[in-house]
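Engineer: From the sequence below, what's the structure:
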Amino acid sequence: MRPLSCVLLLITLVCATYAQQTCVRSDTLTFTSSDRILVNGNRMNIKGVAWFGFEGGSHCVEGLDQRPLGDILDLVKNMGFNILRIPFAGDIVVSMDKRYPGNVNYGINPALQGKTSIQVLDEIFTQAAARGILIMLDLHLFDWNQYNNQPALWYSNRCTYNSGGFCIKAHPQCVNNREGMCYDYTEDVNKNIWNTLIARYKSRWNFFAADLQNELHEPATWGSGDASIDYAAAVERISNDLFARNSDYRGLVFVEGIGNVPIDPYCEDHTATGQAGGHWWGGNFEPVKCRQLNLANGKNNRLVYSPHVYGPSVYEQAYFLNPRFPSNMPAIWDQHFGKVRQWTNKAVVVGEWGGPSSGLSGTWLQSFADYLIARDMRDQFHWALNPNRNSDTPGVLENWWTPDQARMTLINKVMPNPTVFTPSGASVCFTGTSTSGPVTVATVATTATVATTAAVTSATTGSPAVTTAASATTGPSGSCIVSATQIVSNSWQEGGRPVTQYTVTVTNTSPSQSVPAVSVRVSAVPSQYWSATKNADGTFGLPSFITSFGPGQSYTWGYVVQGTTTVSVQSPACNVGFSSGPAAAAAASTSGRATIATTAAASTSSRAATTTVSTTAATTSSVRPGATSTSSTGAASTTGGSTSSCPIQVTQSISSTWQQSGQTMISVNGVLRNTSPSQSISSVKIRFNGLASEVWSLTRNADGTYGFPSWTTSFAPGGQMSFGYNAYAKSPVTITVESCM
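Structural biologist: Numbering: from 1, shown residues only. Next comes the predicted model:
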């Protein structure tokens with residue numbers, strides 16, 4: 001390494017601040033949920049990973065044909081994971097005396113010889129406890145032969161589908177097991193599965209939680225009142241039964257969300273996104289706004305809300321195609337599950353996330369990690385430990401010996417200081433943490449802006465050391481309390497030229513002052529960026545989802561650029577917020593006007609007259625200094641466009657504008673309303689007259705018109721639904737309602 005004799009460096013020391021180790025009797029270790037997970041009243045930090053296999057045809061976790069169980073658990077421990085989420089099929093419980101592993105090499109795992117699948121799970125609990133690893137059990141399927149047909153509800157069922165392929169009604173139905181017997185997994189069987197497991201493992205100090213049911217989806221609802229599909233009510237029944245029969249259970253109940261279903265409009269809030277739907281199975285918690293869970297006998301402090309969230313490798317949701325991706329994602333994540341902690345004062349722990357580290361999916365992965373950090377929602381379980389290299393969700397292992405270092409770097413960034421458990425005789429000791437992320441301890445400012453690249457090794461308790469390259473800069477001495485560091489998170493070749501992806505961490509190093517605006521300059525123009533806003537001068541400011549950059553806070557953003565770059569914090573931005581003048585940080589406002597024409601043709605015949613409504617929206621810049629200009633309008637109202645035959649009304653408003661290849665683009669939020677007091681509508685044909693570059697939350701028909709989204713089976717009287725599209729500002733799009741029925 002070259003000597004730095006005449007170079008001034010910005011030095012930022014980052015560490016995890018730990019409280020003193022706490023030791024308790026192992027039979028008193030208790031996990032609870034407030035706005036975070038607590039262990040015996042101390043905040044607990046979760047760095048979890050799923051280890052799958054018990055839900056499959058081999059009836060056992062994978063990898064035991066490759067390595068001894070203890071070696072795999074040592075690897076889990078060395079990677080810093082403190083909890084294993086173990087999916088299983090209900091069949092290994094109801095048929096526990098008949099199910100034996102089919103994938104164990106007994107030559108390297110002789111202690112497992114002759115054991116049933118459930119006895120192998122016993123051994124995993126034992127050996128994991130010896131290493132301080134906790135276990136969460138996940139009822140993933142009812143039977144292994146459902147592997148490619150994930151059950152939609154908490155009991156085995158078949159569906160009645162509508163013409164759009166949407167499951168609109170569930171009916172109980174048995175499932176054929178390995179012996180060919182059709183086994184009926186009723187709600188009572190579900191309860192018995194959990195009570196069998198909890199009775200078996202509740203005396204184990206490392207039994208952390210029961211993940212009640214994996215990835216509920218249509219026709220599951222939340223708060224509908226229909227006992228056959230209302231998962232919120234089912235959670236309460238199953239959980240109450242669980243605690244009534246096991247009052248000494250000291251673990252948690254994890255509850256996943258539902259999928260895309262029509263929701264009570266009171267529970268929807270699409271102001272930020274202009275988009276309904278787009279949920280992952282188990283990822284929709286929007287209805288929690290109006291229907292929170294309530295357990296009997298004071299057990300609400302055992303509830304954890306656990307969304308599953310994925311990227312474009314799993315399914316290409318419409319929002320991944322938005323030109324603003326991934327900067328559009330934080331508002332969508334907020335809409336889907338990000339407000340649950342605020343509504344319920346209960347912990348939110350992401351139960352599954354993952355995907356390839358390159359391409360569009362890699363961009364999503366980095367952006368989601370940044371979101372978890374920005375929202376202080378760092379507790380999470382990655383999918384999965386298993387190598388699974390050729391799937392849409394590669395694991396944290398490249399093989400059963402080698403960690404995927406790039407993936408582990410990302411996971412360690414999200415959770416750098418997981419709580420460490422250490423068993424000692426009849427006691428268990430654990431580290432309670434005072435913070436969930438890195439803390440800036442000291443900053444040495446320079447008298448000039450200096451960019452340096454150095455090898456940085458960061459070590460965290462329970463995590464392997466990770467060596468990366470970092471670039472750090474600072475502004476004028478005494479005026480800037482904002483620091484920016486960056487690491488190379490990915491690199492590749494395009495057309496023979498090097499392309500680099502960077503992750504930038506921006507920190508307010510002040511112990512007392514908030515910063516209203518940030519201005520970070522990149523030495524070359526990025527081709528893509530995310531989790532930041534671009535300022536008028538070409539610098540990058542706070543992302544839209546951060547409204548106050550407080551003392552000691554950090555956020556991360558990313559960009560892609562040809563070649564390599566440095567970043568620097570510009571001195572004007574450093575001065576913002578530190579002047580005594582009240583208007584020191586004021587930004588000049590801009591305004592513009594855009595016109596959207598909306599045509600509502602209320603007719604079922606080609607000769608019907610149309611009514612054209614023109615709406616004018618005033619576009620104003622955000623009042624927060626440093627942010628990109630965003631459009632805000634009141635809802636545009638139509639003055640006509642509905643008749644007795646087709647009572648559909650369309651309104652539109654501009655939600656944002658941006659530049660693309662020298663052209664001004666607009667993103668438009670639309671709302672369809674059924675103005676009839678009594679008539680339900682089962683289908684509609686809407687035509688876009690003009691170039692809409694992207695349409696979401698509507699389904700394209702073969703004739704080029706658009707209909708209701710797939711999750712809408714009936715449009716009730718007085719109902720409304722949101723959709724959106726992008727277009728060129730100079731070419732307004734008109735919308736015609738051609739027919740409905």
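Engineer: neighbours of the spatially closest residue to residue 539 that is not a sequence neighbour, just the number please.
Structural biologist: Nearest residue to residue 539, sequence neighbours excluded (Cβ to Cβ, 6 or more residues apart in numbering): residue 519, at 4.3 Å. From N, CA and C alone the C-beta is placed, and that goes for glycine too. Using other Cβ atoms under 10 Å, residue 519 has 24 neighbouring residues.
Engineer: State whether residue 519 and residue 570 are indeed in contact, as I suppose.
Structural biologist: Yes: contact criterion Cβ atoms under 8 Å: residue 519 and residue 570 qualify, at 4.3 Å.
Engineer: Now for those two: what residues contact both?
Structural biologist: Residues touching both residue 519 and residue 570 (Cβ atoms under 8 Å, 6 or more residues apart in numbering): residue 539.
Engineer: Do a quick rundown of the strands in the stretch 251-400 of the chain.
Structural biologist: Assigned by DSSP state E, counting those that start in this stretch, the stretch 251-400 of the chain shows strands spanning 252-255, 303-305, 380-382.
Engineer: Now tabulate those in a markdown table and tack on mean pLDDT, distance to residue 324 and mean neighbour count.
Structural biologist: Compiled in a markdown table, these are given as follows (pLDDT from 0 to 100; distance: least, Cβ to Cβ, whole Å; neighbours: other Cβ atoms under 10 Å):
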| stretch | mean pLDDT | distance to residue 324 | mean neighbour count |
| --- | --- | --- | --- |
| strand 252-255 | 98 | 32 | 25 |
| strand 303-305 | 98 | 28 | 24 |
| strand 380-382 | 98 | 25 | 24 |
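Engineer: Compare those strands and give me the one nearest residue 345.
Structural biologist: Shortest separation from residue 345 across these is recorded for strand 303-305, at 10.5 Å, computed as Cβ to Cβ.
Engineer: Give the other helices and strands that that closest one contacts.
Structural biologist: strand 252-255, helix 340-344 (3 or more Cβ pairs under 8 Å, 6 or more residues apart in numbering; DSSP states H and E).
Engineer: pLDDT (mean, whole number) over the last one?
Structural biologist: Pointing back at helix 340-344 there. The predicted model assigns helix 340-344 a mean pLDDT of 94.
Engineer: Which strands and helices lie in contact with it?
Structural biologist: Using 3+ Cβ pairs under 8 Å, 6+ apart, helix 340-344 sits against strand 303-305.
Engineer: Other residues contacting the strand it packs on?
Structural biologist: Under Cβ under 8 Å, 6+ apart, the answer for strand 303-305 is 33, 37, 209, 239, 252-255, 257, 285, 288, 293, 295, 337, 340-341, 344, 346-349.
Engineer: Secondary structure element holding residue 70?
Structural biologist: Using DSSP states H and E, the element containing residue 70 is helix 69-78.
Engineer: Toward the C-terminus, what is the element adjacent to that helix?
Structural biologist: Criterion used, DSSP H and E; the element after helix 69-78 is strand 83-89.
Engineer: how many degrees apart are that following strand and helix 69-78 in direction?
Structural biologist: 130 degrees (axes from the mean of the first three to the mean of the last three Cα atoms, to 10 degrees).
Engineer: Output strand 83-89 as PDB, restricted to C-alpha atoms.
Structural biologist: The C-alpha coordinates for strand 83-89 follow below in PDB (Å, rounded to 0.1, in the frame of the first residue of the first chain):
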ATOM      1  CA  ILE A  83     -31.800 -17.400  13.600                       C
ATOM      2  CA  LEU A  84     -32.700 -20.200  11.100                       C
ATOM      3  CA  ARG A  85     -36.200 -20.100   9.600                       C
ATOM      4  CA  ILE A  86     -37.000 -23.800   8.800                       C
ATOM      5  CA  PRO A  87     -39.900 -24.400   6.400                       C
ATOM      6  CA  PHE A  88     -41.800 -27.700   6.900                       C
ATOM      7  CA  ALA A  89     -44.800 -29.500   5.500                       C
END
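Engineer: now for the strands of the stretch 251-400 of the chain, which one comes closest to residue 424?
Structural biologist: Closest among these, using Cβ to Cβ: strand 252-255, at 23.5 Å.
Engineer: on contacts alone, who are the packing partners of the closest one?
Structural biologist: So strand 252-255, by 3+ Cβ pairs under 8 Å, 6+ apart, packs with strand 31-33, strand 207-211, helix 231-245, strand 303-305.
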